[in-house]
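Undergrad: Got a predicted structure here, sequence first:
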Amino acid sequence: MAIEKVGVVGAGQMGNGIAHVFARAGYEVVLTDISAEALQQAVALIGRNLDRQISKGTLSEAEKSEALGRISTTQTLTDLGPCDLIIEAATEREAVKTAIFEELVPHLAPHTILTSNTSSISITRLASRTDRPEKFMGFHFMNPVPVMQLVELIRGIATDDETFRACLDVVERLGKTAATSEDFPAFIVNRILMPMINEAVYTLYEGVGSVSSIDTSLKLGANHPMGPLELADFIGLDTCLAIMNVLHDGLADTKYRPCPLLTKYVEAGWLGRKTKRGFYDYRGETPVPTR
């Protein structure tokens, strides 16, 4: 099956990155969001990221213009109806994702593949709320999408071979690498990564170390490019908490219990970089630890 027109639902951090890499790979992209401002900001950010690629010598001005020319935006979700492939990249809340798919389904062509960029929610369960569970799967990009090489492909219980092969071909055309995961809570990357971040928050909560000490220890002691608390701020503490809740609820194991301090930060609205305050305060020129 030829995939040429791709719809992306959500113009946030993940959605704009997904639109970026698909446009660069030659796909026609329709990016949708309920916010006109979010769409404008997404296109502007894609432009700046393309400029960064130009400055590195990996892209020409003409290629930038061609990529931006392949991206159209809309606030009307049903405008994605003619797309061959749709990637949902909305907030990590199952009720929101389900509502999006239920609105989309009546307007889709029979061949359209539906996918979700969810980092933890059951693909089988999301697929069951559509009219095409055999043409539904998880398509999980890593953040930041233009930089990170990996894409997790997750088959639901009903996903057919044709759909899987079509998505695998897309990953190859994007120049990225696919890893296949079974449909278990948080899949592979976040099944391993999020408990580490949660344990780092427990280490802070219990007074074992400060924010700076914890991050420095993992960067210099384990050769991680970012400390776990710095990484949590980059991902978004609300997303980290949502994934830990999926793990805790889905696997019924107390080792996945979210740290109360993580919950407290989310309740305070301190979600990390996107709100300019999390485990670090980003309101000044240099990030400052908040504990």
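TA: That came in fine, so what should we check first? Numbering: from 1, shown residues only.
Undergrad: Now for residue 181, how many residues are close by?
TA: 18 (other Cβ atoms under 10 Å). Just so you know, the C-beta spots here come from the backbone N, C-alpha and C atoms, and that holds for glycine as well.
Undergrad: if I pick it, what's in contact with it?
TA: Counting by Cβ atoms under 8 Å, 6 or more residues apart in numbering, residue 181 touches 138, 152, 153, 154, 187, 188.
Undergrad: now the residues you listed in JSON lines, with neighbour count?
TA: As requested, the contacts of residue 181 are exported to JSON lines (neighbours: other Cβ atoms under 10 Å):
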{"residue": "138", "neighbour count": "28"}
{"residue": "152", "neighbour count": "20"}
{"residue": "153", "neighbour count": "21"}
{"residue": "154", "neighbour count": "25"}
{"residue": "187", "neighbour count": "24"}
{"residue": "188", "neighbour count": "16"}
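Undergrad: Can you tell me, leaving aside adjacent residues, what's nearest to residue 183?
TA: residue 123 (4.8 Å; Cβ to Cβ, 6 or more residues apart in numbering).
Undergrad: Assign the closest residue to residue 83 other than its chain neighbours to one of the three secondary structure states.
TA: In space, and not counting its chain neighbours, residue 83 is closest to residue 7: 3.8 Å by Cβ to Cβ, 6+ apart. Using DSSP: H, G, I helix; E, B strand; the rest coil, the structure places residue 7 in strand.
Undergrad: swap in residue 167?
TA: helix.
Undergrad: For it, give its distance to residue 97.
TA: Per Cβ to Cβ, to the nearest Å, residue 167 is found 18 Å from residue 97.
Undergrad: Please apply the same query to residue 87.
TA: Taking Cβ to Cβ, one finds residue 87 at 12 Å from residue 97.
Undergrad: Same check on residue 245?
TA: Using Cβ to Cβ, which is the criterion applied here, residue 245 is 15 Å from residue 97.
Undergrad: pretty sure residue 178 is touching residue 155, no?
TA: No: Residue 178 sits out of contact with residue 155 when judged by Cβ atoms under 8 Å, with a separation of 11.7 Å.
Undergrad: of those two, who's got more company?
TA: residue 155 (21 against 17).
Undergrad: which ones are touching residue 175?
TA: So residue 175 contacts residue 25 (Cβ under 8 Å, 6+ apart).
Undergrad: hang on, I meant residue 74
TA: Going by Cβ under 8 Å, 6+ apart, the list of residues near residue 74 reads 30, 31, 32, 80.
Undergrad: Got phi/psi on the nearest residue to residue 60 once chain neighbours are set aside?
TA: Excluding its sequence neighbours, the residue lying closest to residue 60 (Cβ to Cβ, 6+ apart) is residue 54, at 7.0 Å. The phi/psi pair for residue 54 (degrees, to the nearest 10) reads phi -60, psi -40.
Undergrad: Check the gap between residue 54 and residue 141 for me.
TA: Distance from residue 54 to residue 141, by Cβ to Cβ: 22 Å.
Undergrad: next one: residue 8
TA: Relative to residue 141, and taking Cβ to Cβ, residue 8 is found at 11 Å.
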